[in-house]
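>>> Just the structure for this:
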Amino acid sequence: MNSSQGAMLTCNISYDQGTVPLITVYSLVLAIGAPANFVTLCLSLVKICRKNVLSVYLFTLSLSDLLYMGTIPQWILYVKNHNKWTQSDTACQLTGFIFFNNLYISILLLCCISTDRCLVVLYPIESQWRRRRRTAVMVCIGVWLLVMMVHLPVFFLSSVKSAKEKNDSCFETIPMPPLVAKFNYARFSVGFCIPLFILALTNLLIFRRIQASPCLNIREKTKVKYLAIAIILIFLGCFAPYHLVLLSRAIAFSLYKDSCWFEEKIYNASTLFLCLCTINSAINPILYMFSCESVRQEFCREVQSIRNHSSRRSNRTDSYILRNGQTSGTSVYRMEHIASEN
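Numbering: from 1, shown residues only. I've put the predicted structure just below:
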């Protein structure tokens with residue numbers, strides 16, 4: 001997104017530094033995150049059909065991450081071209097809109113997941129009757145709509161200048177427009193601090209209850225402890241640096257009429273920290289799905305089931321050929337179709 005409020009780009013920003021690290025991180029996130037989120041999407045869909053409430057949030061989280069993964073090639077090309085946007089302004093706005101929607105949808109859904117886990121641990125009997133898939137679906141829809149409605153004014157109603165008037169850049173709010181500065185204060189407080197408090201509180205309550213439970217052994221309690229620590233540390237590592245930069249840029253804009261000197265010093269760190277936010281999209285499936293032993297076992301059962309099904313279908317086809325001689329391609333297709341139905 002480009003600068004608004006009629007401000008011309010006067011800051012002397014170098015776009016040549018950090019190109020290789022950014023492209024490397026984006027490429028790794030795409031290579032790891034896309035298949036991991038696709039598998040998580042499928043597994044969570046299976047568990048939703050089995051009336052698992054938590055999987056509704058995991059499914060929505062993976063769906064949002066996959067949608068963002070589709071925009072990563074655009075960001076890689078943009079960084080490779082030294083921040084020269086070669087497509088339309090609308091494509092720039094839409095790509096940025098998808099990215100920041102995913103960023104805060106992910107943050108809010110992580111809060112929903114931790115809250116849901118906390119309710120199950122603290123109130124196992126009550127939550128069994130009160131937790132409903134329909135409620136989880138409505139919460140997910142509400143999160144999507146809320147985040148989209150908050151970002152719409154910034155991305156599409158803020159008199160954003162043409163990218164061609166801004167040296168073909170995209171998503172570079174330098175110098176920072178007043179609307180974006182105010183928005184950054186809200187993003188830091190509501191989009192980062194409050195979710196961080198929710199994550200810390202819910203995981204602390206989960207940890208305390210598990211530690212006091214006589215039904216779990218030391219190994220299981222240790223696993224819960226490290227999972228809670230990992231959730232908080234990953235959240236801080238992925239989101240804290242970028243939001244601290246947002247806050248510092250907003251403060252500099254508020255204190256100085258010309259904040260270009262600060263923008264020039266912090267720009268490289270800002271782009272790197274923005275890239276770090278995307279790592280969360282690749283970590284989420286590993287943290288919430290594949291780290292769970294029951295999920296890994298279910299995944300292995302599903303894969304084994306597919307293999308067994310394929311093996312039975314192949315054996316039935318071979319048996320039919322041995323009994324009736326070589327068949328045509330159409331006959332083999334029909335036999336495979338019959339075998340799959342059985």
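>>> where are the low-confidence patches of this protein?
1-10, 14-17, 154-168, 171-173, 289-342 (pLDDT under 70).
>>> let's see it at 50
Residue ranges of the chain with pLDDT under 50: 1-9, 158-165, 317-342.
>>> what about the helices in it?
Shown for the chain, the helices assigned by DSSP state H span residues 19-49, 54-69, 72-80, 89-122, 124-130, 133-156, 178-188, 194-212, 218-255, 260-285, 293-324, 329-341.
>>> Tell me which of those approaches Cys11 most closely.
Of all the helices of the chain, helix 260-285 sits nearest to Cys11, with 3.9 Å by CB to CB. The way it works is simple: take the backbone N, C-alpha and C, and place the C-beta from them, glycine included.
>>> Show me what that closest one packs onto, helices and strands only.
Here helix 260-285 touches helix 19-49, helix 54-69, helix 89-122, helix 218-255, going by 3 or more CB pairs under 8 Å, 6 or more residues apart in numbering; DSSP states H and E.
>>> Go through it and flag the buried ones.
Of all the residues in helix 260-285, those buried under the rule 16 or more other CB atoms under 10 Å are 260, 262-263, 266-268, 270-285.
>>> Grab the nearest non-local neighbour of Cys118.
Thr202 (4.0 Å; CB to CB, 6 or more residues apart in numbering).
>>> Pull out the buried positions in stretch 108-123.
Within stretch 108-123, the residues scored as buried using 16+ other CB under 10 Å are 108-121.
>>> My error: substitute stretch 193-211 in the last question.
Pro195, Leu196, Ile198, Leu199, Ala200, Thr202, Asn203, Leu205, Ile206, Phe207, Ile210.
>>> and what of stretch 31-51?
Ile32, Gly33, Ala34, Ala36, Asn37, Val39, Thr40, Leu41, Leu43, Ser44, Lys47, Ile48.
>>> For the second one, give me its contacts.
Residues touching Gly33, when contacts are defined by CB atoms under 8 Å, 6 or more residues apart in numbering, comprise Asp65, Met69, Ser281, Ala282, Pro285.
>>> Can you tell me which of these lies closest to Thr135?
Looking across the contacts of Gly33 and measuring by CB to CB, the closest to Thr135 is Asp65, at 22.5 Å.
>>> Contact partners for the residue lying closest to that closest one once chain neighbours are set aside?
Among residues not flanking Asp65 along the chain, Ser281 sits closest, at 4.1 Å (CB to CB, 6+ apart). Shown in contact with Ser281 (CB under 8 Å, 6+ apart): Val29, Gly33, Asn37, Asp65, Tyr68, Met69, Asn102, Ser106.
>>> repeat that with 6 Å
Gly33, Asp65, Tyr68 (CB atoms under 6 Å, 6 or more residues apart in numbering).
>>> Then Tyr78?
By CB under 6 Å, 6+ apart, Tyr78 has no neighbours at all.
>>> Likewise for Gln74?
Thr95.
>>> What of Asn280?
Asn280 makes contact with Cys238, according to CB under 6 Å, 6+ apart.
>>> so how far is Ile286 from it?
11 Å (CB to CB, to the nearest Å).
>>> anything in contact with each of the two?
Between them, Asn280 and Ile286 share no contacting residue, judged by CB under 6 Å, 6+ apart.
>>> From what I see, His243 and Cys193 are in contact.
No. Counting by CB atoms under 6 Å, His243 stays clear of Cys193, with 8.2 Å between them.
>>> Run a quick neighbour tally on the residue nearest to Met176 when sequence neighbours are not counted.
Excluding the flanking residues, the one nearest Met176 by CB to CB, 6+ apart is Phe253, at 4.7 Å. Neighbours of Phe253 under the rule other CB atoms under 10 Å: 22.
>>> Let me know the distance separating Phe253 from Val150.
For Phe253, the distance to Val150 (CB to CB) stands at 20 Å.
>>> again, but for Arg131
To Val150, Arg131 is 27 Å away according to CB to CB.
>>> And Gly70, by the same measure?
Distance of Gly70 to Val150, computed by CB to CB: 22 Å.
>>> Check Cys275 too.
Counting by CB to CB, the gap from Cys275 to Val150 is 23 Å.
>>> Also Phe59?
Counting by CB to CB - Phe59 and Val150 are separated by 23 Å.
>>> More neighbours: these two, which one.
Phe59 (24 against 17).
>>> The residue nearest to the more buried one when sequence neighbours are not counted: what's it in contact with?
Leaving aside its chain neighbours, Phe59 sits nearest to Ser44 (4.0 Å; criterion: CB to CB, 6+ apart). Shown in contact with Ser44 (CB under 6 Å, 6+ apart): Ser55, Leu58, Phe59.
>>> how about a cut-off of 10 Å?
Listed by CB atoms under 10 Å, 6 or more residues apart in numbering, the contact set of Ser44 reads 52, 54-63, 285, 288-289, 295.
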